[in-house]
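Enquirer: have a look at this prediction, sequence included:
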Number of protein chains: 2
Amino acid sequence: MTNLRIGLLGYGIVGKGVFQLVNQQPGMHITKVFDLPSKKDVLRNLLVTDYKEVTEADDVDVVVECLGGEELPYQAITSALKHGKHVLSSNKETIANHFEEYMSLAKANDCSFLCEAAVGGGIPLLHNVIEIARFDTIYSFIGLLNGTCNFILTRLTKDKYTFQEALKEAQDRGFAEKDYRADLSGADLLRKGRILASLAFHKDMDYKTIPSFGIENINDEIFETVSKLGRILKFGVFGYYKDGTLCVMSVPFLFKPNHALSTLNYEMNGVLLECKNNSTLEFIGKGAGSLPTASAIMQDLMHFLRGGSRIDMDDMTTAKVVFVKGEEYFVYHDGKGEIIRANSVEELKKYEFVAKIVD
Amino acid sequence: MTNLRIGLLGYGIVGKGVFQLVNQQPGMHITKVFDLPSKKDVLRNLLVTDYKEVTEADDVDVVVECLGGEELPYQAITSALKHGKHVLSSNKETIANHFEEYMSLAKANDCSFLCEAAVGGGIPLLHNVIEIARFDTIYSFIGLLNGTCNFILTRLTKDKYTFQEALKEAQDRGFAEKDYRADLSGADLLRKGRILASLAFHKDMDYKTIPSFGIENINDEIFETVSKLGRILKFGVFGYYKDGTLCVMSVPFLFKPNHALSTLNYEMNGVLLECKNNSTLEFIGKGAGSLPTASAIMQDLMHFLRGGSRIDMDDMTTAKVVFVKGEEYFVYHDGKGEIIRANSVEELKKYEFVAKIVD
């Protein structure tokens, strides 16, 4: 396809980046942008204020969804897929909630649903995961995929900032989401872990069953204890699928200093994949920001520009997320930290702070 | 294409890996293998002993070249491209020598020439570089892309092996090429740098003009001096293109300890890309071995399996490789090491050992 017609939903931070990059790219252009009437001055005759004017339009081949929230993106994405449009989304919340439905709708209407921008920002990650999973077996992934949390933790542990100072800087620099609670609680990581697990292992799952532990209760005593253990504290998500067991969890990690992810600081994101044939692969880059995220959307758009066929996940089966018993966790409660072997999520939830020991 | 017919040239270490992975992959199969008559027992009726029976065959869509040497691969690759077959090659020497010719022949015959396996083994690198260069600007790359040298240097500096012990282990483990002199001299890195520079910057160049410095003369005194400087010694290749200046060089690096590549040890390969929109991206993985390299060839094969269009480099222009004056190098001669600002390759060639200072 040499003239790819793109309909944009949302002209916010990411949407503006997409608008800018698409306009620089030969072979594609934006035909419609859905946003509020107040954007009329900037978008002029491209602006539409009913999303259906994008999702049902004859002159739109690909719909790029850069909206916030959940209800409107769901309506718009399902409408676009039902009208046979390819859909690209960077909206982790709606993807995590409806991944299997979006994939099924895409299949039924012979179009693709892609979401490179939802995990790891501009890092060329998901299309590589999809590809590798086709000819290799991905055993596991472990990733630091929340730039805000990595930035805050680095400021706290390396630069001795207070939590409030670090959070304010992350917000000033534009890493932190409006509601940073989803970052700190692990909710954002959990969504990314769900997407990554689905693509890496070809499994659908109820993402609300993924265990999640946050860093809200982090304090100086915890840092001191961790430091005495000779460990590096990071916050991320891991998943593995082996012998029918699917395990996904967003949780702080205590790495040995020589672990590949232990030196990943500030807003950097990174993911390690453990593959059967290809050994260990690692992808690193900036996980957030307007142009890095828009770059990820461009990666998906290039797939259509070069005439790539529908990317399907048709062999996805459903699996239950389980907690693997007997693994080591650092737990902190009432001013005291210790390493235990845990047997259930409920057991771990009793502690103020939990981190998985990773060697 | 749902039945991709593959002709394999060479059934050595990489060829066997390709054979194994293709046979596990739905939608593709091997129709012919060119090798010596002695392979008849293993390959049976797939074996042909004239390469033209592969490159001119009606039942071959993609030719995978896993031969050694230079003359035969050149004959076979040009023959295949002239017959309109897509060609995948892992042969750095012939690619570096004839990159522009292979690209032009591919264009003239409406087929693709891809070489993911030639740089960084199984790391999904070149197709990401090609893609990113289409919608972003890659300013520079720096990479550790020779697993043998990284392994040897790590053993020497971290584990205090002697050079002979480290080399023997690299050979025993199968990292070191038959003729390891091409590894130690930088000739192998130079070829990879040439391919990477062509793809990242869309530039053709005379690869024999790329400056190259090796690690043949490395010794304990150099390690001690480097260690006193607080630097980490690695060996790799870098390139950048800016304001009409193309700079590519294979050279040892002296990294600050916090440089992203300074912690990449043993046989690991890694590349940093500095991009205009996407900031810094890093790709890490095992650079060598039968299955990792075969995995890279699978990545290229998947492109055709999913019906991807020809990957073109039609906008490649020619550039002269220049040496940028005034940059800092560590130089060692007659038992004495110092840091100088160099003005020419000739000046640097007078020293026993040269390393670029990288901050």
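Expert: Structure's in. What do you need?
Enquirer: flag the shaky bits of chain A, pLDDT-wise.
Expert: Low-confidence segments of chain A (pLDDT under 70): A:1-2, A:178, A:307-310, A:314.
Enquirer: in what helix or strand does residue A:296 lie?
Expert: In this assignment (DSSP states H and E), residue A:296 forms part of helix A:290-305.
Enquirer: buried set for that helix?
Expert: Buried positions in helix A:290-305, judged by neighbour count with 16 or more other Cβ atoms under 10 Å in any protein chain shown: A:290-305. Every C-beta, even on glycine, is put in place using the N, C-alpha and C of the backbone.
Enquirer: that helix: how far from the chain's middle?
Expert: Put simply, helix A:290-305 sits 15 Å off its chain's centre (Cα atoms, centre = their mean, to the nearest Å).
Enquirer: for that helix, C-alpha coordinates in CSV please.
Expert: C-alpha atoms of helix A:290-305 as CSV (Å, rounded to 0.1, in the frame of the first residue of the first chain):
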residue,chain,number,x,y,z
SER,A,290,5.7,11.8,22.9
LEU,A,291,8.2,11.0,20.1
PRO,A,292,9.4,7.6,21.5
THR,A,293,5.8,6.5,21.9
ALA,A,294,4.9,7.9,18.5
SER,A,295,7.9,6.0,17.1
ALA,A,296,6.4,2.8,18.3
ILE,A,297,3.2,3.6,16.5
MET,A,298,5.2,4.3,13.4
GLN,A,299,6.7,0.8,13.7
ASP,A,300,3.2,-0.6,13.5
LEU,A,301,2.3,1.7,10.6
MET,A,302,5.4,0.6,8.6
HIS,A,303,4.0,-2.9,8.7
PHE,A,304,1.0,-1.8,6.7
LEU,A,305,2.9,0.6,4.5
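Enquirer: what packs against the next helix or strand along the chain from it?
Expert: Toward the C-terminal end, the helix or strand that comes next after helix A:290-305 (DSSP H and E) is strand A:317-318. If you count contacts as 3 or more Cβ pairs under 8 Å, 6 or more residues apart in numbering or on different chains; DSSP states H and E, strand A:317-318 packs onto strand A:203-204.
Enquirer: what secondary structure does residue A:102 sit in?
Expert: At residue A:102 the chain is in helix, as set by DSSP: H, G, I helix; E, B strand; the rest coil.
Enquirer: and it, what does it touch?
Expert: A:77, A:78, A:81, A:87, A:89, A:95, A:113 (Cβ atoms under 8 Å, 6 or more residues apart in numbering or on different chains).
Enquirer: return the subset of those lying in helices.
Expert: A:77, A:78, A:81, A:95 (DSSP state H).
Enquirer: also near chain B: which of the buried residues of helix A:290-305, exactly?
Expert: A:291, A:292, A:294, A:295, A:298, A:299, A:301, A:302 (Cβ under 8 Å from any Cβ of the partner chain).
Enquirer: the fifth one contacts residue A:21, doesn't it?
Expert: Yes: in this structure, residue A:298 is within contact of residue A:21 by Cβ atoms under 8 Å, at 5.2 Å.
Enquirer: which neighbours do those two share?
Expert: residue B:135.
Enquirer: follow-up on the earlier one: okay, the ones next to chain B among the buried residues of helix A:290-305 in TSV with distance to residue B:118 next?
Expert: As requested, those are exported to TSV (distance: Cβ to Cβ, whole Å):
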residue	distance to residue B:118
A:291	30
A:292	28
A:294	31
A:295	25
A:298	26
A:299	22
A:301	27
A:302	22
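Enquirer: now stretch A:103-111 - C-alpha only, CSV.
Expert: What follows is stretch A:103-111, C-alpha atoms only, in CSV (Å, rounded to 0.1, in the frame of the first residue of the first chain):
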residue,chain,number,x,y,z
MET,A,103,-7.9,-10.1,18.6
SER,A,104,-11.0,-12.0,17.8
LEU,A,105,-12.7,-9.0,16.2
ALA,A,106,-9.6,-8.4,14.1
LYS,A,107,-9.6,-12.0,12.9
ALA,A,108,-13.4,-11.9,12.2
ASN,A,109,-13.0,-8.8,10.1
ASP,A,110,-9.7,-9.7,8.4
CYS,A,111,-7.7,-6.8,9.9
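Enquirer: do it and chain B meet at all?
Expert: No: shown here: stretch A:103-111 not in contact with chain B (Cβ under 8 Å from any Cβ), separated by at least 13.8 Å.
Enquirer: buried set for that stretch?
Expert: A:103, A:104, A:105, A:106, A:107, A:109, A:111.
Enquirer: need the residues that contact it.
Expert: In contact with stretch A:103-111 (Cβ under 8 Å, 6+ apart) are residues A:78, A:81-87, A:112-113, A:310, A:312-314, A:316.
Enquirer: ok so, going back, helices or strands up against the helix holding residue A:296?
Expert: Using 3+ Cβ pairs under 8 Å, 6+ apart: helix A:290-305 touches strand A:4-9, helix A:13-23, strand A:62-65, strand A:86-89, helix A:126-135, helix B:126-135.
Enquirer: next, the angle helix A:13-23 makes with that helix.
Expert: 50 degrees (axes from the mean of the first three to the mean of the last three Cα atoms, to 10 degrees).
Enquirer: helix A:290-305 to helix B:126-135, inter-axis angle?
Expert: 110 degrees.
Enquirer: the residue nearest to the spatial centre of chain A: what's it in contact with?
Expert: Nearest to the mean C-alpha position of chain A, by Cα atoms, centre = their mean, lies residue A:119 at 2.7 Å. Contacts here follow Cβ under 8 Å, 6+ apart; on that basis residue A:119 touches A:92, A:125, A:126, A:145, A:192, A:195, A:196.
Enquirer: then residue A:313?
Expert: Per Cβ under 8 Å, 6+ apart, neighbours of residue A:313: A:103, A:130, A:198, A:199, A:202.
Enquirer: burial measure for the fourth one, as a count.
Expert: Put plainly, it is residue A:199. Neighbour count of residue A:199, defined by other Cβ atoms under 10 Å in any protein chain shown: 25.
Enquirer: tell me the secondary structure at it.
Expert: helix.
Enquirer: thought it was touching residue A:126?
Expert: Yes: with contact defined as Cβ under 8 Å, residue A:199 reaches residue A:126; the gap is 5.9 Å.
Enquirer: if we can go back for a sec, and of the buried residues of helix A:290-305, the nearest to residue B:4?
Expert: Distance to residue B:4 across those (Cβ to Cβ) is lowest for residue A:303, with 18.7 Å.
Enquirer: can you list the residues of the stretch 51-200 of chain A near chain B?
Expert: Going by Cβ under 8 Å from any Cβ, the residues of the stretch 51-200 of chain A near chain B are A:122, A:123, A:124, A:128, A:131, A:132, A:134, A:135, A:136.
Enquirer: which SS state does the second one fall under?
Expert: In this case it means residue A:123. coil.
Enquirer: got the contact list for it?
Expert: Per Cβ under 8 Å, 6+ apart, neighbours of residue A:123: A:269, A:270, A:271, A:283, A:284, A:285, A:286, A:287, A:296, B:281.
Enquirer: now with 10 Å, please.
Expert: Shown in contact with residue A:123 (Cβ atoms under 10 Å, 6 or more residues apart in numbering or on different chains): A:116, A:143, A:145, A:268-271, A:283-287, A:292, A:295-296, A:299, B:128, B:278-279, B:281-283.
Enquirer: in strands, which of those appear?
Expert: A:143, A:268-271, A:283-286, B:279, B:281-283 (DSSP state E).
Enquirer: pull the most distant pair out of those residues.
Expert: Every pair of the ones in strands among the contacts of residue A:123 checked by Cβ to Cβ; the farthest is A:143 and B:279, at 17.5 Å.
Enquirer: looking at those two, which is more packed in?
Expert: Neighbours were counted for residue A:143 and for residue B:279 using other Cβ under 10 Å; residue A:143 has more, 30 against 20.
Enquirer: most widely separated two among the residues of the stretch 51-200 of chain A next to chain B?
Expert: A:122 and A:135 (24.6 Å).
Enquirer: between the two, which has more neighbouring residues?
Expert: residue A:122 (31 against 23).
Enquirer: that one - nearest residue in space that isn't next to it in sequence?
Expert: residue A:292 (3.2 Å; Cβ to Cβ, 6 or more residues apart in numbering or on different chains).
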